[in-house]
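S.K.: sequence plus predicted model, see below.
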Amino acid sequence: MFESQRLDRNSTAQESHYSGKRISGVRNLVPDVRITQIRQEFRNARKLLQWKNDFWCSVTVLERDRDTAMVRRFISQQL
């Protein structure tokens, strides 16, 4: 699939070059669809990691608050 797209783009680039237009970077063409897909996957992974990070931060805060409450309760019982 990508091979046919690359051939189509190269032939289009050559045709437009012959018609007087210059296209730079013909050799480095990567299908835009693939770039967009990779960017989307990266964004989704980053959002998922951020969600997990936020979740575990909130769990840590809850555990800290719980431990603090237990220590306070223990101290108040000892007094």
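M.R.: Looks like it arrived, so ask away. None of the values given here were measured: they were computed from a predicted structure. Numbers count the residues shown, from 1 in each chain.

S.K.: and the strand or helix carrying Met70, average pLDDT?
M.R.: Under the criterion of DSSP states H and E, Met70 resides in helix 32-78. The pLDDT scores in helix 32-78 average 87.

S.K.: show me what it packs onto, helices and strands only.
M.R.: Helix 32-78 is packed against no helix or strand, with contacts defined by 3 or more Cβ pairs under 8 Å, 6 or more residues apart in numbering; DSSP states H and E. Yep, even glycine has a C-beta here, placed from its N, CA and C like the rest.

S.K.: domain ranges for this structure, per the record?
M.R.: Per the record, the chain has its domains at 1-26, 31-79, by automatic domain parsing.

S.K.: if I look at Val71, how far off is Glu63?
M.R.: Computed as Cβ to Cβ, to the nearest Å, the Val71 to Glu63 distance reads 13 Å.

S.K.: ugh, wrong one, I meant Asn44
M.R.: From Asn44 to Glu63 the distance is 29 Å (Cβ to Cβ).

S.K.: repeat that for Gln37.
M.R.: Distance from Gln37 to Glu63, by Cβ to Cβ: 39 Å.

S.K.: how about Ser76?
M.R.: As judged by Cβ to Cβ, Ser76 and Glu63 stand 20 Å apart.

S.K.: and what of Arg72?
M.R.: Taking Cβ to Cβ, one finds Arg72 at 15 Å from Glu63.

S.K.: what's the answer for Phe74, then?
M.R.: 16 Å.

S.K.: do the same with Lys52
M.R.: Per Cβ to Cβ, Lys52 is found 16 Å from Glu63.

S.K.: equivalent analysis for Ala69, please.
M.R.: Counting by Cβ to Cβ - Ala69 and Glu63 are separated by 11 Å.

S.K.: what does Leu48 give?
M.R.: 23 Å.
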